[in-house]
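Sequence and predicted structure below; questions after.
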Amino acid sequence: TARSQHPGGVHTLFLDGAVRFVRDEVDRGLWHAMHSRETPADLLADLDSAVDEVQPPPDARDRSVAAREPELGDRLTNSIGMRFVGIPRGTFTMGVKDRGNSLRPPPGCPPHEVTITRGFWLGECEATQGQFQEIMGRNPSAYSAAARAAESANDFPVEQVTWHDAVAFCERLSDREQEKAAGRSYRLPTEAEWEYACRSGTSEPYTWSAQRAADDNSGDAAGIEPPLPVTKVGSYRPNSLGLYDMRGNVWEWCGDWFDRTYYLCSPKSDPQGPATGYLKVVRGGDWIFVGEICPINYPIMSPSQASPFVGFRVVCEVSSDE
């Protein structure tokens, strides 16, 4: 209900009548969650200990899965018609600011070299409403057939899904007999995998403009005027790896917990994000730095939140004995 700033932190008065001193070193995601009216009550059940705890630099978690690596140009289609593109291993500079964006990135987000040590299969398109309906038996999307009576919504990206919904989709798809027989399992991409694929494995800055050119057929959406509506997946040209809508249509959940300073201590090889957190990384439209002003911005959300502009795409892992 009120707060006052002091050296090292702030005194905060809460609705329950308690006054807590929140230190400057507190997890930024927790500070954001404390301010959000959408944060579930159980998330903050241990608020006192969470506020008092200063997280140590996170370690990368091992993701050792015996999986067959794809080669550049490889394609795969699963039992529900999801198409995947083979993304080969490589090294790139993560966090490079877009050319044309005058805003200064937060100091805790320096460009840094990252190596993806193992190739992976990434969805050619975002998961669609039809695919989500087939696996989950429901369609929560705001851009539904009822809203677009002239055309089927099956090929539109599913949205209005929480991070937990996206993970549940991956788990249920992995449990299908056809997928088990083929040695395939599914998960959300890490933030590093997502950006590596979006950049097509390069370290060059992307050229961004606030105004859309008349002949622009890229589908890029973040902060560009005039805005583009959510539309069928694959409506615009793909990037050089054959991936559609990486910078357009809906934003996409990643697997990582969010920590604003993670780039300062993340491992060079296969970073998995912090071990714990309060918010999940959402990427899409463009790099996270396009239009960023506040250190905690909207495209980073609680895993229990949903938005009509946030969906997901998935990684397919294929066992090496397929």
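Structure received.

Show me the shaky parts of the stretch 201-322 of the chain.
285-299, 321-322 (pLDDT under 70).

again, only this time at 90
Low-confidence segments of the stretch 201-322 of the chain (pLDDT under 90): 203-231, 247-248, 258-265, 276-279, 283-302, 309, 319-322.

need the next SSE after the helix ranked longest in the chain, C-terminal direction.
Longest helix of the chain, by residue count under DSSP state H: helix 163-174. Per DSSP states H and E, helix 163-174 leads on to helix 177-181 as the next helix or strand towards the C-terminus.

tell me the mean pLDDT over that next one?
For helix 177-181, the mean pLDDT works out to 97.

State the mean pLDDT of the helix or strand containing Gln131.
Assigned by DSSP H and E, Gln131 falls within helix 129-136. Mean pLDDT, helix 129-136: 96.

the inter-axis angle of that helix versus helix 163-174?
Calculated by axes from the mean of the first three to the mean of the last three CA atoms, to 10 degrees, helix 129-136 forms an angle of 70 degrees with helix 163-174.

Off-centre distance for helix 129-136?
20 Å (CA atoms, centre = their mean, to the nearest Å).

by contact count, what packs against it?
helix 163-174 (3 or more CB pairs under 8 Å, 6 or more residues apart in numbering; DSSP states H and E). Glycine gets a C-beta too; all of them are placed from N, C-alpha and C.

What are the buried residues along the helix it packs on?
Trp163, Asp165, Ala166, Val167, Phe169, Cys170, Leu173, Ser174 (16 or more other CB atoms under 10 Å).

Looking at the residues you listed, point me to the pair that's furthest apart.
Trp163 and Ser174 (16.7 Å; CB to CB).

what about the stretch 1-150 of the chain, any weak spots by pLDDT?
1-69, 71-73, 95-111, 142-150.

Going along the chain, name the helices of this structure.
28-35, 47-52, 129-136, 163-174, 177-181, 191-198.

Mean neighbour count, those helices: which tops it?
helix 191-198 (a mean of 23; mean count of other CB atoms under 10 Å).

Summarise which helices and strands that helix is packed against.
strand 83-87, strand 90-94, strand 112-116, strand 120-123, strand 251-257, strand 280-283.

As a markdown table, those strands with distance to Glu225 and mean neighbour count would be great.
Listed next are the helices and strands packed on helix 191-198 as a markdown table, based on distance: least, CB to CB, whole Å; neighbours: other CB atoms under 10 Å:
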| stretch | distance to Glu225 | mean neighbour count |
| --- | --- | --- |
| strand 83-87 | 30 | 23 |
| strand 90-94 | 28 | 17 |
| strand 112-116 | 31 | 18 |
| strand 120-123 | 29 | 25 |
| strand 251-257 | 18 | 25 |
| strand 280-283 | 21 | 25 |
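
mind putting those strands in CSV, distance to Asn217 included?
As requested, the helices and strands packed on helix 191-198 are exported to CSV (distance: least, CB to CB, whole Å):
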stretch, distance to Asn217
strand 83-87, 20
strand 90-94, 25
strand 112-116, 29
strand 120-123, 21
strand 251-257, 21
strand 280-283, 22
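
right, so of these, which gets closest to Val10?
Going by CB to CB, the one of these nearest Val10 is strand 251-257, 23.7 Å.

Let me know the angle separating the closest one from helix 163-174.
With the same axes, to 10 degrees applied, the angle from strand 251-257 to helix 163-174 works out at 90 degrees.

quick one, what contacts the closest residue to Thr12 other than its chain neighbours?
Leaving aside its sequence neighbours, Thr12 sits nearest to Arg3 (CB to CB, 6 or more residues apart in numbering; 4.5 Å). By CB atoms under 8 Å, 6 or more residues apart in numbering, the contact set of Arg3 is Val10, His11, Thr12, Leu13, Val22.

can you tell me how far the nearest residue to Leu72 once chain neighbours are set aside sits from Pro70?
Leaving aside its sequence neighbours, Leu72 sits nearest to Pro88 (CB to CB, 6+ apart; 4.8 Å). With distances taken as CB to CB, to the nearest Å, Pro88 is found 7 Å from Pro70.

If you count surrounding residues, which of the two has more?
Pro70 (22 against 16; other CB atoms under 10 Å).

I figured that one hits Arg89, correct?
No. At 9.7 Å, Pro70 does not count as touching Arg89 under the criterion of CB atoms under 8 Å.

Tell me the spacing between the nearest residue to Ser319 once chain neighbours are set aside and Arg3.
Distances taken as CB to CB, 6+ apart put Gly183 closest to Ser319, at 3.5 Å, once the chain neighbours are dropped. Note on Gly183: its distance to Arg3, by CB to CB, is 53 Å.

what does Asn101 give?
Between Asn101 and Arg3 the computed distance is 32 Å (CB to CB).

now swap in Ala222 and tell me
Counting by CB to CB - Ala222 and Arg3 are separated by 32 Å.

now swap in Cys198 and tell me
Taken as CB to CB, the span from Cys198 to Arg3 is 38 Å.

likewise Arg118?
Distance, Arg118 to Arg3, by CB to CB: 46 Å.

cool, and Tyr278?
Separation of Tyr278 from Arg3 (CB to CB): 18 Å.
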